[in-house]
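K.L.:
build me a structure from this.
(chains A, B, C and D)
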Number of protein chains: 2
Amino acid sequence: MVGRPRSEQARRAILEAALRLCERDGYPNVTLKGIAEEAGTGRQTLYRWWDTKADLLLEAMTDLVESSRAPSQADLETFLRETFALADGAVGRVVAGLMAEAQSDPALAERLRARLIGPRRDALRAVLERMPPPPGADLDLLIDMIFGVMWYRLLNRHAPLDAALAEDITTLVARIGASP
Amino acid sequence: MVGRPRSEQARRAILEAALRLCERDGYPNVTLKGIAEEAGTGRQTLYRWWDTKADLLLEAMTDLVESSRAPSQADLETFLRETFALADGAVGRVVAGLMAEAQSDPALAERLRARLIGPRRDALRAVLERMPPPPGADLDLLIDMIFGVMWYRLLNRHAPLDAALAEDITTLVARIGASP
DNA sequence: TATAATCGAGACACGGTGTCCTGTAAAGTG
DNA sequence: CACTTTACAGGACACCGTGTCTCGATTATA
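P.N.:
The predicted structure follows:
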C-alpha cells in the first residue's frame, strides 16, 4: 500500500464540476459521464472514489453546508430564515434530488439521514430548547412539523421557502408554548 | 375517426400489472417493458395511452384513492388515522416514488398536485374548518405542517405513520386552537 | 531500481427508453 | 359486403447512461 496518492486536484475538479452542472442542468439531468468530461477526468476516477452520482453530490453538499455553517446560537426565527434561504436555492434543488434518489437506494437514504438531515434536526432541537420559554409540546413532533413544512414545500413547490414562513412558524411555536 | 375502440380489458390489465409489480419490486424497479410483459400486452399499447411510467402509475393511484375515498365527514383524528393508514403501505411507497420522479419532471409535478395532493389538501381543510372550535391560526400553514410531517416521514422514514401520530397531531392542533 | 496505486482515455456489454414496422382484429361507413 | 380507420400483440432498431475492464503513463514509497 504505497503507490501514487490520490489527486486532491482531481477530487476538487470533480466536485466543482458536479455542482456547476447541477446548477446549469438540474440534478436529475447530470450524468457521471458528463461530470467526468466537465472535470476533464477519466470516468474510472469517479467510480474509484464514489459509488454513485448521489454519493458524489452528497459529499459535495456536506462540504458546502459545513463550510457555510450557521451560527446556530440564533433565535428560532433567525435559524429558520437562514435555513430556508439555503434550501430555497440551488442547494435545495440538489438536496431534493438526493432525497428523490434515496427513495430507490436505501444505503443512500441512510447516509442522507446521518450526514445531512440528522445534524440539522439536532441543530433545530438545540434552538428550540434554548427558547424562552421552551415549548412544552413534544419536541420531536415539533421538529417533524417544522422541517416537514420545509421538505413538503421543497419537494412539492406549492409555496415558497421565505422569511415570511420563518416568521409565521415562529409565531405559531410561540402560541403553542403559551398554551397550558 | 371510427376505428377499433380502445380495449378496456388491456387498460385494466396494464394498471393491475403495474400495481402488482410495484408491490413486488418497488416502484423505482418497475419498468415499462416489465409492465407490458406482465400484462401480456404490446409495448406500443403503453406508449399510446401514457407518456411515462409515472403517468401510468398516477392514473392507477387516482383510480385507487377515489375508489377507497374516506367519508371525510370524520373528525380530525379519524381523518388523519385513515390517511396515514393508506400512506403507510404500498400506496405510500408508490406515491413517494411519484414525488421523487416529479423532481425531474415538472409536468408530472403539476399533475401530481392537481390530481392527488390538491384534493387531499382540500379534504383536510374541510375537516379543520368543521372543528369545534376551528383553529384560529392560518389554515394554510396548519395544512402545510400536518401534511408536511406526513411527507417528511413518508420520504425520510425516520418515524412511522401510525395512529399515535394522528393522536399527537390532533392534540397539538387543539392546543393551538385553545390559545389566544 | 522495483513496487504499487493513481491518473486520463477509450472499448465493451448490459439494460431501459422510445420509435418504427408488420400482420391481425374490431369497430363504423358506403 | 367491401372499404376505411384505429387498436392490438410482437418484434426490430438506434440511442444513451451505467458499470467494468484494459492500456500506457505518472508519482509516490521502499
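K.L.:
give me the contact list for the helix or strand that contains residue A:20.
P.N.:
Element membership for residue A:20, per DSSP states H and E: helix A:8-25. For helix A:8-25, the surrounding residues in contact (CB atoms under 8 Å, 6 or more residues apart in numbering or on different chains) are A:30, A:34-36, A:38-41, A:45-46, A:49, A:53, A:56-57, A:59-60, A:63-64, A:90, A:93-94, A:97. Bear in mind the C-beta positions are built from the backbone N, C-alpha and C, glycine included.
K.L.:
equivalent analysis for stretch A:146-155, please.
P.N.:
With contact meaning CB under 8 Å, 6+ apart, stretch A:146-155 is reached by A:80, A:83-84, A:87, A:92, A:95-96, A:99-100, A:117, A:120-121, A:124, A:159-161, A:165, A:169, A:173, B:99, B:102-103, B:141, B:144-145, B:147-153, B:155-156.
K.L.:
is DNA strand C within reach of the helix holding residue A:20?
P.N.:
Yes. On the criterion CB under 7 Å from any atom of the strand, helix A:8-25 is in touch with DNA strand C at A:10-11, A:13.
K.L.:
how about the helices of chain A, start to end?
P.N.:
A:8-25, A:32-39, A:43-49, A:53-67, A:76-87, A:90-102, A:106-112, A:118-129, A:139-156, A:163-178 (DSSP state H).
K.L.:
check which residues of the first one are buried.
P.N.:
Pointing back at helix A:8-25 there. A:10-11, A:13-15, A:17-19, A:21-22 (16 or more other CB atoms under 10 Å in any protein chain shown).
K.L.:
hang on, residue A:43 packs against residue A:31?
P.N.:
No. Look at residue A:43 against residue A:31 with CB atoms under 8 Å: they stay out of range, at 10.2 Å.
K.L.:
grab the nearest non-local neighbour of the residue nearest the centre of chain A.
P.N.:
Centroid-nearest residue in chain A, with CA atoms, centre = their mean: residue A:95, separated by 5.0 Å. Once flanking residues are discounted, residue A:95 sits nearest to residue A:61: 6.3 Å by CB to CB, 6 or more residues apart in numbering or on different chains.
K.L.:
which parts of stretch A:131-142 are buried?
P.N.:
Using 16+ other CB under 10 Å as the test for burial, stretch A:131-142 gives A:135, A:137, A:141-142.
K.L.:
determine which two of those residues are furthest apart.
P.N.:
Greatest spatial distance in these: A:135 and A:141, 10.1 Å, computed using CB to CB.
K.L.:
domain ranges for chain A, per the record?
P.N.:
Chain A breaks down into these domains under automatic domain parsing: A:1-49, A:53-178.
K.L.:
near DNA strand C, which residues of chain A show up?
P.N.:
A:1-7, A:10-11, A:13, A:40-45, A:48-49.
K.L.:
recalculate using a threshold of 6 Å.
P.N.:
Neighbours of DNA strand C within chain A, by CB under 6 Å from any atom of the strand: A:1-4, A:6-7, A:10, A:40-45, A:48.
K.L.:
show me the shaky parts of chain A.
P.N.:
A:1, A:68-72, A:179-180 (pLDDT under 70).
K.L.:
now do 90
P.N.:
A:1-3, A:26, A:28, A:63-74, A:104, A:131-137, A:175-180 (pLDDT under 90).
K.L.:
hmm, back to that, got JSON lines for the helices of chain A, with distance to DNA strand D too?
P.N.:
Formatted as JSON lines, the helices of chain A follow (distance: least, CB to the nearest atom of the strand, whole Å):
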{"stretch": "helix A:8-25", "distance to DNA strand D": "10"}
{"stretch": "helix A:32-39", "distance to DNA strand D": "4"}
{"stretch": "helix A:43-49", "distance to DNA strand D": "4"}
{"stretch": "helix A:53-67", "distance to DNA strand D": "5"}
{"stretch": "helix A:76-87", "distance to DNA strand D": "25"}
{"stretch": "helix A:90-102", "distance to DNA strand D": "11"}
{"stretch": "helix A:106-112", "distance to DNA strand D": "11"}
{"stretch": "helix A:118-129", "distance to DNA strand D": "25"}
{"stretch": "helix A:139-156", "distance to DNA strand D": "21"}
{"stretch": "helix A:163-178", "distance to DNA strand D": "34"}
